[in-house]
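*Asks:* pasted the sequence and its predicted model underneath.
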Amino acid sequence: MYYSLILLPLVGALAAWFIPSNRHRPLVLPLFAALHLSLTIDLLVATPPPSPGGWLVLDPIGKLFLGVETVLFFTCAVYAVGYLSHRQERSNKVLCMGLLVCLSAMSLVTVAHHLGLLWVALEATTLTMAPLIYFNRNARSLEATWKYMLICSVGIALALLGLFFLAYSTVVAQKEATLLLEPLIASARQLSPAWLNAAFIFLLVGFGTKMGLAPLHTWKPDAYGEAPGLVGALLAGGLVNCAFLAIIRVYQICMKATETAFYHNAMIVMGLVSMAFAAVFVVRQADFKRMLAYSSVEHVGILAIALGIGGDALFGALFHVINNGLTKGVLFLTSGNIHRSYGSKNCEQVKGALHRVPWSGALFLAGFIAITGSPPFSPFLSEFTIVSSIFGQRQALVGTLFLIFLAIIFLGMASSVLPVVMGKMTPAVVRTSYRDSFLTVGPPLFLMAVILVLGLWLPAPLKTLLQQSAQLLEVRP
Amino acid sequence: MDIFADQLLVFVMLINFVVLGSSRMTMAIRAVAVQGVVLGLLPGIIHHFSWHLVAITVGIILAKGVIIPWLLFRAMDRIQIKREVEPFIGYVSTLIIGAVTTALAFVFAAKLPLAPEHQGLLFVPASIATMMTGFLTLTTRRKAISQVIGYLILENGIFIFGLLLTTAMPVMVEAGALLDLLVGIFVMGIVINHISNEFSSIDTSRLTALKE
Amino acid sequence: MTDILIHALLVILMPPLLLGVIGKTKAAFAGRVGPSYFQHYYDLAKLIRKGTVISDTTTWIFTAGPVITLAATLVAALLLPLGNHAAPIAFAGDMVLFAYLFALGRFFTTLAALDTGSSFEGMGAAREATFACLAEPALFFALITLSRMSGTLSLSPMMTNLSVSLWFSSGAALLLLIGGLFIVLLAENCRIPFDDPTTHLELTMVHEVMVLDHSGPAFAYILYGAAMKLFVMGAFFINIALPLKSGNAMLDWGIFILLMLGLAVAIGVVESIMARLRLVRIPQMLVAACILSGFSMLLILR
């Protein structure tokens, strides 16, 4: 079962390779995404036993991430058909193959319980995304690709060193060196604390680079700004979650160690720094895609803080993984539509999207309201859980800073988003041939609906899943 | 056998200095290739014989000693660049910084709480020194290819540390990591090629369009 | 007593022969017959018989320079054990004196060059001083390493402590050490690839340009002193690189002489197959030598 989950998208990539027609090739994407989705639902309902050796296990946390990822990928795949019909001028072979290979690697990340395997899969997602960022083939996207490649490769290499340190902490503890999650968690108390701390730092820095935690986020605005909207959606909603999952695995081990204050503090500090960076750069941001990138930096900061706080915030963090991933999907897909329609992503030129592309404009506005944590959308619930947990644990300083940054980011994003959506159209900007169609608006609309429903009503199975996952993360003395 | 491994590690550290001090790109690429081959030989020296080991040795030597240098040379041929490295700071200063970081690596390694059987071996200082060399190359060189070389050296340094862990990295994972590295360099080679077409240079200090 | 006598005889008589062997090797590489092995003895004899012209603008330093340099090198030669035999003079800390005797000689050569007031010689002096600054740390790192290995501060026990078995236990450190020392040996003795002793282009010369104004016996002292410096540093290098011991005193002397001639051939080969480095690259090579011997020190101190 696990193997089919990983091999299925690879078969799809192979199929994309053999289809000669540029027009028909994108249809492979929704087909295999739908197969992957149904396979995932099957797995979620009837969880298979761990693979021999315990390398591949689908635990509640993995289920959660796998679910978010496959839903997001499916909507992006449907969107891709509509998007690529507007981009017939260039070959989409690499894009289609890259997306499917990336799906395979992302699925592997969610089920891998051998940290080395997880690392390999995460590195694979980094590599497959590089050609996709370069889809537009101009100097700016090239620069973004180079920065993304180099910074993420170095970051992920540091994470490998962190993994080695982790394995070495077992050697120092006179145990057999291993990188399997379960034995590491079981023996976490006996591991050498010095090496475990070093491992944690390198893993946080390494996976944090991939996730976009400040100050290692520098590739993020460039890559998100230059990549096509649907690649941006997968970067912000899929890859960020994969990197976060890697950090969660490390967190699971570290929380079982004897002394955990250091890990909590490190994550809270990294998270606050990320939110501060986002707050500074999101204000007066002239490029709305880059603005979304900084919003992503903000949200990974929120996730890191939530992990650092622990307790009820863990439930909030895991819920926020769903909300952030899906809302980012809405924002990037609709911003891609607006970009297509105006031929620009500069806030000076793009004004009044509500008139020109009413559906995309309205969805973009709704996405903005959701991502900044306003009710009735679900990000409000998860952020509220996190904030109340922060204050509940008497971390008043962290809580106050958290709220101040949220407010600044709300105002900063509003001052860019509102003119883009509702401002007066500048006649000088020519209208491209792009019109909203069912295939380019339907997917973000679907995601938006999911977020709204989750904000009003949390289904019981999902709630149980979230609670089970949060329990895995909790510190039990 | 550990004595012999130590001598090879000294050789690896010397290659770091060759890379830092060489002004020719070809020289630096060859040096990294030799370093890769030496690293490929190391597991065979410190572990007992097994077919897995043979596979890993052959894989590493092929990847780091043959394929990656070939990719880099090909990238260099295609883009017809000047063969000089063009560092941000002079060769002698880089060499001296490299020497200082190597010395610090030894001091630092002596303070680490290593397992008793690894104390006094060169693996940890060599690993730290090689990683620092990688970082130094990454940050002080302008050209995209030199930065790739720096990344490779960084990766080599991490690999040396990995040699201390026999059982943690199974062959499957090791092979996956190697494959990732290969594909990574391949993609970087392609990107370099595009950079040179687009900017008529691979000087990364020209990549400044995207900023706040 | 016989050992001291042989020591003194070798120090006095052998140096010009080394130059002859280097010359023959280079000639063989170039396909020529080349000058005789003893050519440098004839040259020295000829120069001694000639008169001297001394510029009016110079002071006593100009005449004292060659003599002091030669004397300093001679004393250094007495401090260094040759082959497997203790040196005639040995005391704790003589390794520092050994290093600074060379510095003293260099100091006076440089001063004598500056004393002439010629711009060429000033340029040579500046280069010599720069390179010496870079070569000296390498020599000292090497001395510290050896002193740490043997646990003494005196050259004689330091050198006799070295043996083939030491090469097996700390081969890496010794390999780095002789790598660094070989560079220093070539640089300090103005051999290719650092300096060409036979060139006639003043702009590119380092050592030869400093002694342009000397003539007659004074120039003979300089040439003889240079040859002796090569001999002493070569012996230092051979002691470390090939510490062969037979146990028989006379056989040890024989081995030593053969090894010295072998070293001369090796230098000749290096000079034949390498081009001279550009002047800007020389400091880089010397820094590399420093790094090599510093690195070796690190390995031993660890």
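*Replies:* That came through, no problem. Numbers count the residues shown, from 1 in each chain, chains lettered A, B, ... in the order given.

*Asks:* leaving out sequence neighbours, find the closest residue to the closest residue to chain B within chain C.
*Replies:* Distances between chain C and chain B by Cβ to the nearest Cβ are smallest at C:A172, namely 4.0 Å. Using the backbone N, CA and C atoms, a C-beta is placed for each residue, glycine as well. Distance criterion Cβ to Cβ, 6 or more residues apart in numbering or on different chains; nearest residue to C:A172, sequence neighbours excluded, is B:V10 at 4.0 Å.

*Asks:* that older thread, and the helix or strand hosting the residue of chain C closest to chain B, what does it pack onto?
*Replies:* For C:A172, the enclosing helix or strand under DSSP states H and E is helix C:171-188. For helix C:171-188, the elements it packs on are helix B:2-21, helix C:119-150, helix C:216-241, helix C:281-301, judged by 3 or more Cβ pairs under 8 Å, 6 or more residues apart in numbering or on different chains; DSSP states H and E.

*Asks:* which residues touch the residue nearest to the spatial centre of chain C?
*Replies:* Nearest to the mean C-alpha position of chain C, by Cα atoms, centre = their mean, lies C:L230 at 3.2 Å. Listed by Cβ atoms under 8 Å, 6 or more residues apart in numbering or on different chains, the contact set of C:L230 reads C:P15, C:L18, C:L19, C:L185, C:N189.

*Asks:* hmm, the third one is touching C:A227, no?
*Replies:* It refers to C:L19. Yes - with contact defined as Cβ atoms under 8 Å, C:L19 reaches C:A227; the gap is 5.4 Å.

*Asks:* quick one: which of these two has more around it?
*Replies:* C:L19 (25 against 21; other Cβ atoms under 10 Å in any protein chain shown).

*Asks:* hang on, that one in a helix?
*Replies:* Yes - applying DSSP: H, G, I helix; E, B strand; the rest coil, one finds C:L19 inside a helix.

*Asks:* how about C:Y224, nearest residue that isn't a chain neighbour?
*Replies:* Nearest residue to C:Y224, sequence neighbours excluded (Cβ to Cβ, 6+ apart): C:L44, at 5.9 Å.

*Asks:* shouldn't A:F244 be in contact with A:I302?
*Replies:* No - under the criterion of Cβ under 8 Å, A:F244 is not in contact with A:I302, lying 10.9 Å apart.

*Asks:* per-residue pLDDT, residue 152?
*Replies:* No chain in the question, so chain A it is. A:C152 is assigned a pLDDT of 91 by the prediction.

*Asks:* nope, chain C please
*Replies:* 88.

*Asks:* ramachandran angles for it?
*Replies:* Backbone geometry at C:T152, expressed as degrees, to the nearest 10, gives phi -130, psi 170.

*Asks:* please name the nearest non-neighbouring residue to it.
*Replies:* Closest to C:T152 by Cβ to Cβ, 6+ apart is C:M158, at 5.6 Å.

*Asks:* in a helix, that's where the one you found is, yeah?
*Replies:* Yes - secondary structure of C:M158 (three-state DSSP): part of a helix.

*Asks:* got a list of what it touches?
*Replies:* Listed by Cβ under 8 Å, 6+ apart, the contact set of C:M158 reads C:M95, C:L146, C:S147, C:M149, C:S150, C:T152.

*Asks:* hmm, back to that, pLDDT of the helix holding C:A172, averaged?
*Replies:* Mean predicted lDDT for helix C:171-188 stands at 88.

*Asks:* returning to that earlier point: for the residue nearest to the centre of chain C, give me the pLDDT.
*Replies:* According to the prediction, C:L230 has pLDDT 93.

*Asks:* the residue of chain C closest to chain B contacts B:L14, correct?
*Replies:* No - shown here, C:A172 and B:L14 do not form a contact pair, counting by Cβ under 8 Å, at 9.5 Å.

*Asks:* just the element for residue 269, please.
*Replies:* Using chain A here. Using DSSP H and E, A:V269 maps to helix A:261-282.

*Asks:* nope, chain C
*Replies:* C:V269 belongs to helix C:249-273, assigned by DSSP H and E.

*Asks:* who does that helix touch, helix- and strand-wise?
*Replies:* Using 3+ Cβ pairs under 8 Å, 6+ apart: helix C:249-273 touches helix C:2-13, helix C:15-30, helix C:216-241.

*Asks:* what's it in contact with?
*Replies:* C:2-3, C:6, C:10, C:14, C:17-19, C:21-26, C:29-30, C:82-85, C:186, C:191-193, C:231, C:234-235, C:237-238, C:242, C:244-246.

*Asks:* and what of stretch B:176-193?
*Replies:* Here stretch B:176-193 makes contact (Cβ under 8 Å, 6+ apart) with A:116-117, A:119-120, A:123-124, A:126-127, A:130-131, A:134, A:142, A:145-146, A:149-150, A:153, A:160, B:59-60, B:63, B:67-68, B:71-72, B:74-75, B:78-79, B:144-145, B:148, B:151-152, B:155, B:169, B:202.
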